[in-house]
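Need the 3D shape of this:
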Amino acid sequence: MEKLQKNDDIRRTTRIIQIDEMLRGGSYVKIASLVRKFGVSQRTVERDFERLRDDLNAPLEYDKSKNMYHYTDPTFSVPNVILTEGELFTVSALLPLMEQYKNTPLESSFKNIMKKLVDFLPDTVSVNSSFLNQDISFISDPLPKIDENIFNMIFKAIKSSKVLSIKYQSSKSQQPKEKTFNAYKVICQKGNWYVFGFEHETSDFRIYSLARIQNAQLQNDSFRVPQDFDIKKHIDLELGIWNNPDRFEEYEILFAKETSRYVLEREWHKDQIIEQNEDGTVLLKFKSNQSQMIYTWLLSFGNNATVIKPPELREKIRAECEKVAEKYIVK
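Residues are numbered from 1 along each chain as shown. Take a look at the predicted model:
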């Protein structure tokens, strides 16, 4: 009996969510059409409307001239969370995944969101608590710590379109430098956080690591993101964050037979062409502007990857391999 009641509650909640979706934006619905849609009685639909109006505070109103119901506030929507056990397992699996974001304020924010989500779930949902931490482990890359004030200031600048004054310590300079910056977009690459925007001093686009920003202050001046701005013209979101506008090149990489299965079972780029040759080797083709990222990525394959195109990358990797080999020459 208790199980039947739980199933009825779930079906009722599902109906209410669907009715709410039909009413959003000022649309009108008839009880008769809902009776046919859900295969329930007119009284059942009327009780659903009562719950919408009385329990969920929906601005539901009956229009006698049309013999239909509608929302007097077309922007209203019912807050809802209905998750099956499998779906809740998927959500709970995000908790250990958030470990890689310990260096940002998102850690506490995610925990608060998950708590609110669990508190908001209907009583009919129950999940074995062992799902939450014991069954899944994640190994994250070592990540630099980001100052919470700077992290929040970057997002505040983007939302308010205010110019930023920052002190930035690049990887090559010994001292931080003063920068004036219009922050356009934040990008997270494998747990490393960056901000892309326009630097006043060079009158050019730049990308900064949030971990290397030592100070950030909002100025009174505002800015506008150019209407023709497209982040995809500057970086390749499939591969990396390096700012190389209009430098997309054709890449052809030949992978050895020993690593063919590893290469074939992954999608390296959304526009890739991948072919396996008769000898077991694999040829990967794609276009990108991430020459530096591709360079370091291919080095990780050692002699199992051979650059066919572009010739500049082929020469760069050959020169690097010679330098490495020199370090291991026995004298």
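
Poorly predicted segments of this protein, please.
The model of the chain has pLDDT under 70 over residues 1-9, 79-140.

Dead centre of it: give me the residue that sits there.
With distances taken as C-alpha atoms, centre = their mean, the residue of the chain nearest its centroid is residue 188 (8.1 Å).

which ones are touching that one?
Residue 188 sits next to residue 194 when contact means C-beta atoms under 8 Å, 6 or more residues apart in numbering. Where C-beta positions appear, they are placed from N, C-alpha and C, glycine not excepted.

can you tell me the helix or strand for it?
Using DSSP states H and E, the element containing residue 188 is strand 177-189.

In this structure residue 23 contacts residue 73, no?
No - if you go by C-beta atoms under 8 Å, residue 23 and residue 73 don't touch, sitting 10.3 Å apart.

what about those two, which has more around it?
residue 23 (23 against 12; other C-beta atoms under 10 Å).

The more buried one - nearest residue in space that isn't next to it in sequence?
residue 71 (5.0 Å; C-beta to C-beta, 6 or more residues apart in numbering).

can you map out the helices along this structure?
Using DSSP state H, the helices of the chain run over residues 2-23, 31-38, 42-50, 85-92, 94-97, 106-120, 148-160, 260-264, 291-299, 311-327.

mind listing what's buried in the third one?
Using 16 or more other C-beta atoms under 10 Å as the test for burial, helix 42-50 gives 44-45, 48-49.

and what of stretch 290-305?
290-291, 293-294, 298, 304-305.

got the contact list for the nearest residue to residue 258 once chain neighbours are set aside?
Nearest non-adjacent residue to residue 258, counting by C-beta to C-beta, 6+ apart: residue 304, 6.0 Å away. Shown in contact with residue 304 (C-beta under 8 Å, 6+ apart): 255-256, 258-259.

Can you say which of those are buried?
Neighbour counting with 16+ other C-beta under 10 Å marks 255-256 as buried within the contacts of residue 304.

So which of the contacts of residue 304 belong to strands?
Of the positions in the contacts of residue 304, residue 255 sit in strands, assigned by DSSP state E.

Farthest-apart pair in the contacts of residue 304, please.
Spanning the widest gap among the contacts of residue 304 are 255 and 258, at 8.7 Å by C-beta to C-beta.

who touches the nearest residue to residue 235 once chain neighbours are set aside in this structure?
Spatial nearest neighbour of residue 235, chain neighbours left out: residue 241 (5.4 Å); criterion: C-beta to C-beta, 6+ apart. By C-beta under 8 Å, 6+ apart, the contact set of residue 241 is 187, 189, 194, 196, 207, 235, 293.

Show me which positions of stretch 57-73 end up buried.
So, applying 16+ other C-beta under 10 Å, buried residues of stretch 57-73: 58, 60, 68-71.

Tabulate those residues in TSV, adding columns for distance to residue 147.
Shown next, in TSV, are the buried residues of stretch 57-73 (distance: C-beta to C-beta, whole Å):
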residue	distance to residue 147
58	43
60	48
68	55
69	52
70	50
71	44
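
of those, closest to residue 141?
Among the buried residues of stretch 57-73, residue 58 lies closest to residue 141 (C-beta to C-beta), at 46.5 Å.

Do I have it right that the closest one meets residue 24?
No - counting by C-beta under 8 Å, residue 58 sits too far from residue 24 to count as a contact (10.4 Å).

which residues are in contact with both of the two?
If you check residue 58 and residue 24 against C-beta under 8 Å, 6+ apart, the residues they both contact are 71, 76.

How far does stretch 238-247 sit from its chain's centre?
18 Å (C-alpha atoms, centre = their mean, to the nearest Å).

which parts of it are buried?
For stretch 238-247, burial by neighbour count (16+ other C-beta under 10 Å) applies to 238-242, 244.

CSV for the residues you listed, including distance to residue 268?
Converted to CSV, the buried residues of stretch 238-247 look like this (distance: C-beta to C-beta, whole Å):
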residue, distance to residue 268
238, 8
239, 8
240, 12
241, 16
242, 16
244, 18
